[in-house]
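K.L.:
Please work out how this folds:
(chains A and B)
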There are 2 protein chains.
Amino acid sequence: MSKTGAIRLFLRSCSGGVQAASRQYSTTPRCSQVEAAAVGQKEELRPKTALLMLNMGGPRNLDEVHDFLLELFKDRDIIQLPFQSRMGPWIAKRRTPSIQQKYDEIGGGSPIFKWTDLQGKLMCERLDKLCPDTAPHKHYVGFRYAHPLTEATLEQIEEEGAENCVAFSQYPQYSCSTTGSSMNAIHKFYANRPTETKLKWSVIDRWCTNPFLVKCFAENIKTELEKFPAEKRKDVFILFSAHSLPLRQVNRGDPYAAEVGGTVQLVMQELGFSNPYRLVWQSKVGPLPWLSPATDDTIKGLVQRGRKNMILVPIAFTSDHIETLHELDIEYAQDVGNEVGAEHILRCAAPNDHPLFIDALVDVASKHLLGSQRCSEQFLHNCPLCVNKSCFASKKWFRHATQTF
Amino acid sequence: MSKTGAIRLFLRSCSGGVQAASRQYSTTPRCSQVEAAAVGQKEELRPKTALLMLNMGGPRNLDEVHDFLLELFKDRDIIQLPFQSRMGPWIAKRRTPSIQQKYDEIGGGSPIFKWTDLQGKLMCERLDKLCPDTAPHKHYVGFRYAHPLTEATLEQIEEEGAENCVAFSQYPQYSCSTTGSSMNAIHKFYANRPTETKLKWSVIDRWCTNPFLVKCFAENIKTELEKFPAEKRKDVFILFSAHSLPLRQVNRGDPYAAEVGGTVQLVMQELGFSNPYRLVWQSKVGPLPWLSPATDDTIKGLVQRGRKNMILVPIAFTSDHIETLHELDIEYAQDVGNEVGAEHILRCAAPNDHPLFIDALVDVASKHLLGSQRCSEQFLHNCPLCVNKSCFASKKWFRHATQTF
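P.N.:
Here you go, the predicted model:
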């Protein structure tokens, strides 16, 4: 991949979006602050179990775009640049205006903190009832490239003195460049810290077949299908769109593509295979091969073959961000759709705060807390053709941390 | 892809294997003959519903290898050669000796007819009880490149006067080059026939998430896992191996890769994610890119990284044939394993006549017969970037045939 290609990729792949008014999230307080405010002056209960919700994050306002890009270009798990310590900041600075413009077009920032915080709050309320042995539960948000950064959140969790900490990936399907990078960040934090963690660690690394997640997607798709006239409904093509990956990474054994395929099949089974559908891949950049077919090429191909009605489903995102609000809504549904003469291209809602999605989080977390498997063997083994040294060290650390009782 | 590459591919991808003694299947009678013999002189009941079990087939003995290759190289749905009518027979003749040698090494022929016939017989016995409205049911075997050929079986079904015919793909995951090719063969048969079919047609095109299929794979994997010493068991790497496909085909929207991913995730869920695992791809040939990582490269990569115990699971095959008996057992588990110094590489049994696999067939077929969906919209729509004219005509025919009541 050309450097420019790689750079454009990561600018796309790791940025967030905002649903409503500009900068409305810029002053959103951290979850702990929200809770502290809710109980007024009353001292907050010390959490017994921390649920660390890991995601990429996104700039909450235009002022945060530069720092977000800076963090992104530091991450050697996702991008390797020559002279990265100098090249990264240079690219971040250079790309800031164009990325700010995209955020501006979707309202001024990313809603991913708002959604993650709300999801965590709703989840923990129910976990306290379902899992009294590990209560009180408290959610923490750990983003990879935006505030609150994983490292700062880890400091907070250590300070607040929980006994257990669940590293809960908010990506239902595992990729080395998403969940893997977040997990490696946790390991790096502790590798650079003089004292060992006393937390009893466990890991939720993937949950792509969770039945509530599947039902949530199916319900959201049904809602969109009902917007089409009855006589056209069964011909509406459902395009499950997931962020693409370079084949170089897939070919080393990154399991992401197969896991996204799993979610897609289950959602269609839930819908009784009511419609034609395909899994397609968005956000590819650069000349090298990535997972295909691409979402935009597929839209064009369908319209050329007379299939002019479709629904785009962001199957690997659990909250709205720039790939749903800008890429799917503006670049594909609107721009590509108009260009090729599509009739209707609707976009299925991201899970966000759908009650079935909260059920999914509660189901995944409660089964984890009540079960005996603290970390899957799948996560603890490198990819069969892994060449990333960080992964070897990180997995060793997690094996130790999740087997210390 | 180079011509040679394409040719080697199809020689590999479409050939079968035999489990037991050489040529034991060469005299196996057709299913209808088996049944006729069973009832002696008594006239056989006219079937109300024909279940046409579609698969690739394989030569039952060494004498059939040449004709098998000849049929294969005729199929423009799977391979396009210049001057195909002359090139095809030439390549078939030239390749016959080396393919015969492979069949010789696994006992002299393919057991795929034996297994398909037995599977169909066991399925129909139970369908008669479960679905009295469509009884009596009779299974027919329709192979694409070996006896009994789909065209001959269609003649037989028409002659025997069933009312309904279910085109039941024996590939749980759909690919244009497997199920698609068999379905196109049905259409071509009727396109060349002077009289229209009076059969009430329906189609089972994919069943990759069937719970009994999933349980069958999980049980077979557990059986293999138990052969490892307890202290090594949880580190055994499970490699789900499926036949690879050229990316050119995947990139047009062939849904196979995503569907195989679906089966893999469900099997691992059934196993409680007990072991590390990956979906890998076998049988690639030629220099052009195919679905990766390759099974043999993955075995080498794992052993190099100290993971020396593994199980190979043929996740997209329902019966043993040359890809399990020769490629997985001899070329990978034995030859590659020895070359790189693996400890134990076991191969999980193909479903064959496992009771849970018969449950899967019965579950899929009975739900289809009792349900209202005669053909999925997924099957009736071309791939978004399809360029195969046969598919357009075939899907049009199936839409008509499955909507005529």
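K.L.:
A:S390 - that's part of a helix, no?
P.N.:
Yes. Counting by DSSP: H, G, I helix; E, B strand; the rest coil, A:S390 falls inside a helix.
K.L.:
A:A401 touches A:T197, doesn't it?
P.N.:
Yes. Contact criterion Cβ atoms under 8 Å: A:A401 and A:T197 qualify, at 6.9 Å. From N, CA and C alone the C-beta is placed, and that goes for glycine too.
K.L.:
Can you check which residues contact both of these two?
P.N.:
Common contact partners of A:A401 and A:T197 (Cβ atoms under 8 Å, 6 or more residues apart in numbering or on different chains): A:Y190.
K.L.:
Just want to know which of these two has more residues nearby.
P.N.:
In terms of neighbours (other Cβ atoms under 10 Å in any protein chain shown), A:A401 is the more surrounded of A:A401 and A:T197; the figures are 22 against 17.
K.L.:
got the contact list for the most centrally placed residue in chain A?
P.N.:
Averaging the C-alpha coordinates of chain A gives a centre point, and the residue nearest to it by Cα atoms, centre = their mean is A:Y171 (4.4 Å). By Cβ under 8 Å, 6+ apart, the contact set of A:Y171 is A:L54, A:N55, A:T178, A:T179, A:R206, A:A316, A:T318.
K.L.:
Same question for A:S390.
P.N.:
Applying Cβ under 8 Å, 6+ apart, the residues contacting A:S390 are A:R76, A:D77, A:N184, A:H187, A:K188.
K.L.:
count of neighbours near the first one?
P.N.:
Applying other Cβ under 10 Å, we find 15 residues neighbouring A:R76.
K.L.:
do the same with the third one
P.N.:
For A:N184, the neighbour count with other Cβ under 10 Å is 25.
K.L.:
so which helix or strand takes in the residue sitting furthest away from the middle of chain A?
P.N.:
Relative to the centre of chain A, the most outlying C-alpha is that of A:E231, 35.8 Å out, by Cα atoms, centre = their mean. Element membership of A:E231 [criterion: DSSP states H and E] is helix A:230-233.
K.L.:
Would you tell me what the next helix or strand after that helix is?
P.N.:
Moving toward the C-terminus from helix A:230-233, the next element (DSSP H and E) is strand A:237-243.
K.L.:
Quickly run through the sheet partners of that next one, with directions.
P.N.:
When sheet partners are counted by DSSP bridges, strand A:237-243 sits next to strand A:277-282 (parallel), strand A:309-314 (parallel).
K.L.:
To which secondary structure element type does A:V65 belong?
P.N.:
The three-state label for A:V65, taken from three-state DSSP, comes out as helix.
K.L.:
what about it, how many neighbours?
P.N.:
A:V65 has 29 nearby residues by other Cβ under 10 Å.
K.L.:
do the same with A:Y145
P.N.:
28.
K.L.:
Find the nearest non-adjacent residue to it, please.
P.N.:
Distances taken as Cβ to Cβ, 6 or more residues apart in numbering or on different chains put A:E71 closest to A:Y145, at 4.0 Å, once the chain neighbours are dropped.
K.L.:
any idea how far that neighbour lies from chain B?
P.N.:
Plainly put, A:E71 is 30 Å away from chain B if you go by Cβ to the nearest Cβ, to the nearest Å.
K.L.:
Wait, that residue touches A:T150, no?
P.N.:
No. Under the criterion of Cβ under 8 Å, A:E71 makes no contact with A:T150, lying 10.2 Å away.
K.L.:
tell me which helix or strand of chain A sits lowest on mean pLDDT?
P.N.:
Within chain A, confidence by mean pLDDT, DSSP states H and E is lowest for helix A:3-13 among all helices and strands, at a mean of 37.
K.L.:
Now do the strand or helix carrying A:V203: everything it contacts.
P.N.:
In this assignment (DSSP H and E), A:V203 forms part of strand A:200-204. Where contact means Cβ under 8 Å, 6+ apart, the residues beyond strand A:200-204 that reach it are A:163-169, A:183, A:364-365, A:368, A:374-376, A:379, A:398, A:401-402, A:404-405.
K.L.:
If any of the contacts of A:Y171 are buried, give me the ChimeraX selection for them.
P.N.:
If you want just the buried ones from these in ChimeraX, going by 16 or more other Cβ atoms under 10 Å in any protein chain shown, the selection is:
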select /A:54,55,178,179,206,316,318
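K.L.:
Tell me which entries of the contacts of A:Y171 lie within helices.
P.N.:
For the contacts of A:Y171, the ones inside helices are A:T179, with DSSP state H as the criterion.
K.L.:
Among the contacts of A:S390, which one sits closest to A:W290?
P.N.:
A:D77 (17.8 Å; Cβ to Cβ).
K.L.:
Which residue, neighbours along the chain excluded, lies closest to the closest one?
P.N.:
With sequence-adjacent residues excluded and distances taken as Cβ to Cβ, 6+ apart, A:D77 is closest to A:S181, at 4.2 Å.
K.L.:
re the thing from before, I'd assumed the residue nearest to the centre of chain A was in a helix, is it?
P.N.:
No. Residue state for A:Y171 (three-state DSSP) corresponds to coil; a helix is not indicated.
K.L.:
wait, is A:L52 part of a strand?
P.N.:
Yes. Counting by three-state DSSP, A:L52 is part of a strand.
K.L.:
Contact partners for it?
P.N.:
Taking Cβ under 8 Å, 6+ apart as the test, what A:L52 contacts is A:Y140, A:G142, A:T150, A:T153, A:L154, A:I157, A:C165, A:V166, A:A167, A:F168, A:I186.
K.L.:
Just the pLDDT for it.
P.N.:
The score at A:L52 is 98. That number is its pLDDT.
K.L.:
before we move on, back to that, possible to save the contacts of A:L52 as JSON lines with neighbour count, distance to B:D353 and pLDDT?
P.N.:
JSON lines is the format used below for the contacts of A:L52 (neighbours: other Cβ atoms under 10 Å in any protein chain shown; distance: Cβ to Cβ, whole Å; pLDDT from 0 to 100):
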{"residue": "A:Y140", "neighbour count": "27", "distance to B:D353": "53", "pLDDT": "98"}
{"residue": "A:G142", "neighbour count": "26", "distance to B:D353": "51", "pLDDT": "98"}
{"residue": "A:T150", "neighbour count": "25", "distance to B:D353": "52", "pLDDT": "98"}
{"residue": "A:T153", "neighbour count": "24", "distance to B:D353": "54", "pLDDT": "98"}
{"residue": "A:L154", "neighbour count": "23", "distance to B:D353": "54", "pLDDT": "98"}
{"residue": "A:I157", "neighbour count": "21", "distance to B:D353": "54", "pLDDT": "98"}
{"residue": "A:C165", "neighbour count": "23", "distance to B:D353": "49", "pLDDT": "98"}
{"residue": "A:V166", "neighbour count": "25", "distance to B:D353": "44", "pLDDT": "98"}
{"residue": "A:A167", "neighbour count": "26", "distance to B:D353": "44", "pLDDT": "98"}
{"residue": "A:F168", "neighbour count": "25", "distance to B:D353": "43", "pLDDT": "98"}
{"residue": "A:I186", "neighbour count": "25", "distance to B:D353": "48", "pLDDT": "98"}
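K.L.:
those helices in the stretch 1-150 of chain A, which residues are they?
P.N.:
Using DSSP state H, counting those that start in this stretch, the helices of the stretch 1-150 of chain A run over residues A:3-13, A:31-38, A:65-74, A:84-105, A:112-130, A:150-160.
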